[in-house]
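[1] can't give you the sequence, but here's the structure:
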């Protein structure tokens, strides 16, 4: 398709400009003069990884370029390369690269990437969500002035929280006349604590 071809050409030009302005920078598959192709990513190359020699302000843009190249060429080695070699990336961008690198691989490779990503805020082990999937933000609103209604509300909220909210979703609880019980919080960061606050909210209050 013309648009896809144009996008691919733009990405290739971006790579050419980047490597021309950054001596020694090799993306996956590029071959230095008199050498061999660059390593593909964490654990897949034979030589020690080295961080890219770019100003910190350009690191995030380089990671975005790698993500675009991975999507355009169907080659996850760009994601692995970015994870291994680009420093100073934010947690959100690291998670995006890591999740993309886990798609379409076997369980052993998923586990290897999980080990590589330990300690990154917002990272979850196991199978990645489908491409294009998005997380939800759910705010529950309760009226604590009448116990019969409150009991039904809390029971429903607990069921939704346990059965329909995944670890990447954000959940908040607001009580009429009282304010915020707890602000929107990612379930996976403290699922047990959030569930306890929902249960504890089953008491008369408000106005």
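    Perfect, thanks for sending it. Values in this document were obtained by computation on a predicted structure and should not be read as measured data.
[2] domain parsing for this structure?
    Taking automatic domain parsing as the reference, the chain has its domains at 2-116, 137-200.
[3] would you map the helices across the protein?
    2-21, 59-73, 77-85, 91-102, 107-116, 147-163, 191-200 (DSSP state H).
[4] could I get the ones you listed as CSV with distance to residue 133 and mean neighbour count?
    All C-beta spots, glycine's among them, are computed from the backbone N, C-alpha and C. What follows is the helices of the chain, written out as CSV (distance: least, CB to CB, whole Å; neighbours: other CB atoms under 10 Å):
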stretch, distance to residue 133, mean neighbour count
helix 2-21, 23, 12
helix 59-73, 15, 18
helix 77-85, 17, 25
helix 91-102, 10, 19
helix 107-116, 16, 15
helix 147-163, 18, 13
helix 191-200, 19, 14
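[5] low pLDDT regions in this protein?
    Counting by pLDDT under 70, the ranges of the chain that qualify are 1-54, 206-207.
[6] I'd guessed residue 122 sits against residue 98; true?
    No - between residue 122 and residue 98 there is no contact under CB atoms under 8 Å: 9.9 Å.
[7] so which of the domains of the chain is nearest residue 130?
    Nearest to residue 130 among those is domain 2-116; the distance by CB to CB comes to 8.3 Å.
[8] TSV please, covering the domains of the chain and showing distance to residue 128.
    TSV is the format used below for the domains of the chain (distance: least, CB to CB, whole Å):
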stretch	distance to residue 128
domain 2-116	4
domain 137-200	10
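[9] and these: which comes nearest residue 131?
    Nearest to residue 131 among these is domain 2-116 (6.3 Å), distances taken as CB to CB.
[10] what sits against residue 202?
    150, 151, 154 (CB atoms under 8 Å, 6 or more residues apart in numbering).
[11] er, residue 96 actually
    Contacts for residue 96 (CB under 8 Å, 6+ apart) come out as residue 67.
[12] how about the strand ranked longest in the chain: buried residues?
    In the chain, taking DSSP state E as the definition, the longest strand is strand 179-186. For strand 179-186, the neighbour count (16 or more other CB atoms under 10 Å) marks 181, 182, 185, 186 as buried.
[13] can you tell me how far residue 86 sits from residue 55?
    Using CB to CB, to the nearest Å, one gets 12 Å for the distance from residue 86 to residue 55.
[14] the two: who's more crowded?
    residue 86 (21 against 7; other CB atoms under 10 Å).
[15] wait, what's in contact with residue 166?
    Neighbours of residue 166 in contact, by CB under 8 Å, 6+ apart: 135, 187, 188.
[16] make it 7 Å
    residue 187 (CB atoms under 7 Å, 6 or more residues apart in numbering).
[17] and it, what are its phi and psi?
    Taking degrees, to the nearest 10, you get phi -90, psi 170 for the backbone angles of residue 166.
[18] start at 83 instead
    Okay, residue one is now 83; in that scheme the one you just asked about reads as residue 248.
[19] and it, how far from residue 181?
    For residue 248 relative to residue 181 (CB to CB), the value is 13 Å.
[20] surely residue 199 is in contact with residue 207?
    No - the pair residue 199 / residue 207 is not scored as a contact, 8.4 Å apart, by CB atoms under 7 Å.
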